[in-house]
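# Following is a predicted model, sequence given first.
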Amino acid sequence: MLNFKSKKITLPLFLSVLLALIFPTLTLAEPYGTGDIASSRAEEQRAAIAKRKERIKKEKEEAAKKAAETQPGKPTEAPIPAGDEQEKPAAQ
């Protein structure tokens, strides 16, 4: 490696090289890191996703119920038997 004669330049050179090596790591680091904070954020996100799915499911059910109520020709209860399933007259 290079041999510097001045001791005054050695320390600033060392610090600048060290900073150049560490700086990209600092800029790429996540703000929350790992551990308790990251796990709690993940847990909050999972809870929010589950809550959103429930809300969407409830909205779909309400929309289906509303659509069933607005259709006049279709009964919402048990269907009426068709013509071929009518009772046969008793034997005479």
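Here it is on my side, so go on.
# pull the helix or strand with minimum mean pLDDT from this protein.
Evaluated with mean pLDDT, DSSP states H and E, the helix-and-strand set of the chain has its lowest mean pLDDT in helix 7-28, which scores a mean of 79.
# Give the other helices and strands that the lengthiest helix in the chain contacts.
Of all the segments of type helix in the chain, defined by DSSP state H, the longest one is helix 36-70. Based on contacts counted as 3 or more CB pairs under 8 Å, 6 or more residues apart in numbering; DSSP states H and E, there is no element that helix 36-70 packs against. C-betas here are computed from N, CA, C, even on glycine.
# rewinding a little: check which residues of the least confident helix or strand of the chain are buried.
Under the neighbour-count criterion of 16 or more other CB atoms under 10 Å, helix 7-28 has nothing buried.
# Only alpha carbons, please: show that helix as PDB.
Included here for helix 7-28 are C-alpha records, laid out as PDB according to Å, rounded to 0.1, in the frame of the first residue of the first chain:
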ATOM      1  CA  LYS A   7       1.200  11.800   9.900                       C
ATOM      2  CA  LYS A   8      -1.300  14.600   9.500                       C
ATOM      3  CA  ILE A   9      -2.800  13.100   6.300                       C
ATOM      4  CA  THR A  10      -3.100   9.600   7.600                       C
ATOM      5  CA  LEU A  11      -6.000  10.100  10.000                       C
ATOM      6  CA  PRO A  12      -8.200  12.100   7.600                       C
ATOM      7  CA  LEU A  13      -7.500   9.600   4.800                       C
ATOM      8  CA  PHE A  14      -8.400   6.700   7.000                       C
ATOM      9  CA  LEU A  15     -11.700   8.400   8.100                       C
ATOM     10  CA  SER A  16     -12.600   9.300   4.500                       C
ATOM     11  CA  VAL A  17     -12.000   5.700   3.300                       C
ATOM     12  CA  LEU A  18     -14.000   4.300   6.300                       C
ATOM     13  CA  LEU A  19     -16.800   6.700   5.600                       C
ATOM     14  CA  ALA A  20     -16.900   5.800   1.900                       C
ATOM     15  CA  LEU A  21     -17.200   2.100   2.800                       C
ATOM     16  CA  ILE A  22     -19.900   2.600   5.500                       C
ATOM     17  CA  PHE A  23     -22.000   5.300   3.700                       C
ATOM     18  CA  PRO A  24     -23.700   3.000   1.100                       C
ATOM     19  CA  THR A  25     -24.700   0.600   4.000                       C
ATOM     20  CA  LEU A  26     -26.300   3.500   5.900                       C
ATOM     21  CA  THR A  27     -28.200   4.700   2.900                       C
ATOM     22  CA  LEU A  28     -29.500   1.200   2.000                       C
END
